[in-house]
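[1] Compute the structure for the input listed below.
(one chain, ligands or ions: 2)
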Amino acid sequence: MKKYLLLLTMGMVMILGSCSRPGKEIAQAMLNSTKDNTSIGVAKFYSEAGGKIKMDLELNFPERADSTVAVHFHEYGDCGNMGENTHGHWNPTNEPHGKWGSAAYHSGDIGNIKLDGKGHATLSVTTDRWSVMPNDVKNIIGRGIIVHGGTDDYTTQPTGNSGPRVGCGVIEEVK
Ligand SMILES: [Cu+2]
Ligand SMILES: [Zn+2]
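    Ligands and ions are numbered 1, 2, ... in the order given. Presented below is the predicted three-dimensional model:
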């Protein structure tokens, strides 16, 4: 009986230990211009209660002041060839492209973001569509983040007709 309790306790400790504590930063992507590689922003990911992940995205992109850009997670974490090496939208659930929070959308369809007169904007997204666990189809580590110079129409497949790839970053684990 004592042995059983000990094993049970050890099991509980292992389960709790595998979950990051809420609020801890678990991943990050530095975003750079595809044109000149200067910084245009950062995405920080935090573990949240209930296994969810929160992304705080901040853009500082003066060149795009007073315009709308579109942001998606793309399949590969390679920003080469003006962001083309990230290939298409990351789509672990085999859904059509769409608007975040609608009936169906890709798990990285962040969508349109309005930049102010200085090219600044922030956006926070919390979801259970992401994880940082190895071998999980929802794992966001190593995915690309693309900033497009146009507007996502949320309809055109499979890209939303979002325009050129003006910014790019790779989601990297924060230990
Ligand atoms: Cu995209
Ligand atoms: Zn998409």
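[2] Identify the bridge partners of the residue of the chain found nearest ligand 1.
    Residue of the chain nearest ligand 1, by C-beta to the ion: residue 72 (3.3 Å). No exception for glycine: its C-beta is placed from N, CA and C like everyone else's. Residue 72 has these beta-bridge partners by DSSP bridges: residue 109, residue 146.
[3] So it is in contact with residue 150, correct?
    No - applying C-beta atoms under 8 Å, one finds residue 72 not in contact with residue 150, separated by 12.0 Å.
[4] May I have the distance across stretch 86-100, first residue to last?
    20 Å (C-alpha to C-alpha, to the nearest Å).
[5] With ligand 2 in mind, check whether that stretch reaches it.
    Yes - using C-beta under 5 Å from the ion, we find that stretch 86-100 touches ligand 2 at 89, 97.
[6] quick one: average pLDDT of that stretch?
    Averaging pLDDT along stretch 86-100 yields 98.
[7] ok, residues contacting that stretch?
    When contacts are defined by C-beta atoms under 8 Å, 6 or more residues apart in numbering, stretch 86-100 is touched by residues 72-79, 104-111, 125, 129, 137-138, 140, 143-144, 146, 152, 154-160, 165, 168.
[8] Helices of the chain, residue ranges please.
    Here the chain has its helices, by DSSP state H, at 2-18.
[9] Can you get me a residue count around residue 43?
    Residues within reach of residue 43, counting by other C-beta atoms under 10 Å, total 23.
[10] Please report how far it lies from ligand 2.
    16 Å (C-beta to the ion, to the nearest Å).
[11] So what pairs up with that residue in the strands?
    Applying DSSP bridges, one finds that residue 43 bridges with residue 29, residue 57.
[12] follow-up on the earlier one: sitting in strands, which of the contacts of stretch 86-100 do you find?
    Applying DSSP state E to these, the entries found in strands are 72-74, 109-111, 125, 144, 146, 165, 168.
[13] so where's this structure uncertain?
    1-20 (pLDDT under 70).
[14] who in this structure is up against ligand 1?
    By the rule C-beta under 5 Å from the ion, the part of the chain lying against ligand 1 is 72, 146.
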